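K.L.:
this is the structure alone, sequence omitted:
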Ligand code: ADP
Ligand code: MG
């Protein structure tokens, strides 16, 4: 369908899909009509403008470690698609694999901060101070299951406060320059919008992962996201692109969920990760205990799903690097 101009991934960069379990009994009549939202070709969407690009050397360009640290923005302007859940659990899964991980809460709702047992309402210094007042990010990093740069409610005012600053789109990139050498992965949780906070994440990122809820799939939303990313590529960060789409809240028993996956794969092909994050209440239970699902229920299927996703992300990058090395040989 080619809805989105996405970078091709080298052939074979995805591990073979795990066999799907036998389909369970279908009840088509009882299914809500997901596809009606998906069927029409989305109308062209006018990309938003972010003001004139600011010509200045990037903070990261000065850092030779840029290539080795992967900064991944978890983004989707729709709320409730599992951005925060994926940031935390993927981060903890990478940690289990031995990687050094920082997760960054860039959502004023502070759900990521809460999900590690911290209260965003009582936090004194947060990513707001880092982005707006240039407080070193190391001063707002809490040691939890992984290192966490915290959010507070102040962050709600960050877009406005940033909007008048020079280099407003590069605040996060500059802040990360201090610590990126200390991490293999930096995962940035973003708010449900394509505003300045999410733009900051795109500018700082080496890649973007888009969690998509299998129930209320919005291809139109994904086109908007890619348009914003294209603007960022053109003006601010030529290297950033969607690395992959994670189907979340997948329920193999419903036709609905399976159709959503089919449509995603038709539209985005290899960019859809093979790992499906299934729907289970474990993901909602864990944050109440201030922990990841990997800690809350270490041997459960919910934890295993994020371990599988982490392995898939690492393997895809290794395959890509291998293909590039062969190209240049
Ligand atoms: P977002 O950050 O995109 O708004 P969240 O990660 O906060 O989304 O997830 C929204 C809600 O859905 C939360 O209550 C979370 O616990 C729950 N949730 C996330 N992933 C799943 C899943 N795979 N199955 C069931 N519930 C989930
Ligand atoms: Mg969230």
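P.N.:
That came in fine, so what should we check first? What you see is a predicted model, and the numbers here were worked out from it, not measured in a lab. Ligands and ions are numbered 1, 2, ... in the order given.
K.L.:
pick out the residue of the stretch 101-250 of the chain closest to ligand 1.
P.N.:
Residue nearest to ligand 1 within the stretch 101-250 of the chain: residue 249 (4.5 Å; Cβ to the nearest ligand atom). Heads up, the C-betas are built off the backbone N, CA and C, glycines and all.
K.L.:
list phi and psi for that residue.
P.N.:
phi 50, psi 40 (degrees, to the nearest 10).
K.L.:
show me the contacts for the closest residue to it other than its chain neighbours.
P.N.:
The shortest distance from residue 249 to any non-neighbouring residue, by Cβ to Cβ, 6 or more residues apart in numbering, is to residue 279 (4.5 Å). By Cβ atoms under 8 Å, 6 or more residues apart in numbering, residue 279 lies in contact with 249, 250, 251, 257.
K.L.:
and residue 234, how many neighbours does it have?
P.N.:
Residue 234: 11 surrounding residues under other Cβ atoms under 10 Å.
K.L.:
one more: residue 202?
P.N.:
Neighbour number of residue 202 under other Cβ under 10 Å is 27.
K.L.:
mind checking which helix or strand it is in?
P.N.:
Under the criterion of DSSP states H and E, residue 202 resides in helix 196-204.
K.L.:
could you pull up the mean pLDDT of that helix?
P.N.:
The average pLDDT for helix 196-204 rounds to 98.
K.L.:
do the same with stretch 283-293
P.N.:
Stretch 283-293 comes out at a mean pLDDT of 97.
K.L.:
relative to residue 215, how far out is residue 260?
P.N.:
For residue 260, the distance to residue 215 equals 7 Å [Cβ to Cβ, to the nearest Å].
K.L.:
more crowded one of the two?
P.N.:
The neighbour comparison of residue 260 against residue 215 (other Cβ under 10 Å) goes to residue 260, with 24 against 18.
K.L.:
surely the more buried one touches residue 245?
P.N.:
No. If you go by Cβ atoms under 8 Å, residue 260 and residue 245 don't touch, sitting 11.2 Å apart.
K.L.:
pull up the overlap in contacts between these two.
P.N.:
Shared contacts of residue 260 and residue 245 (Cβ under 8 Å, 6+ apart): residue 212.
K.L.:
what's around residue 239, how many residues?
P.N.:
11.
K.L.:
swap that for residue 177, please
P.N.:
The burial count for residue 177: 19, using other Cβ under 10 Å.
K.L.:
and this protein, which residues reach ligand 1?
P.N.:
Contacts of the chain with ligand 1, taken as Cβ under 6 Å from any ligand atom, map to 79-85, 111, 192, 248-249, 277, 279-280, 283-284.
K.L.:
just the buried residues of the residues you listed.
P.N.:
Listed as buried from the residues of the chain next to ligand 1 are 81-85, 111, 192, 248-249, 277, 279-280, 283; burial here means 16 or more other Cβ atoms under 10 Å.
K.L.:
if you count neighbours, what's buried in stretch 310-321?
P.N.:
Neighbour count says stretch 310-321 has 310, 312, 313, 314, 316, 319 buried, by 16+ other Cβ under 10 Å.
K.L.:
cool, stretch 211-227 as well?
P.N.:
Result for stretch 211-227 [16+ other Cβ under 10 Å]: buried residues 211-227.
K.L.:
ok, stretch 247-259 next?
P.N.:
Of the residues in stretch 247-259, those buried (16+ other Cβ under 10 Å) are 247, 248, 249, 250, 251, 252, 254, 255, 256, 257, 258, 259.
K.L.:
re earlier: and the residue of the stretch 101-250 of the chain closest to ligand 1, what does it touch?
P.N.:
Residue 249 touches 81, 82, 213, 214, 215, 257, 277, 278, 279, counting by Cβ under 8 Å, 6+ apart.
K.L.:
and what of residue 119?
P.N.:
residue 113.
K.L.:
helix/strand/coil for it?
P.N.:
coil (DSSP: H, G, I helix; E, B strand; the rest coil).
K.L.:
how close does it sit to residue 80?
P.N.:
22 Å.
K.L.:
check residue 221 too.
P.N.:
In terms of Cβ to Cβ, residue 221 sits 12 Å off from residue 80.
K.L.:
next one: residue 96
P.N.:
Residue 96 is 26 Å from residue 80, where distance means Cβ to Cβ.
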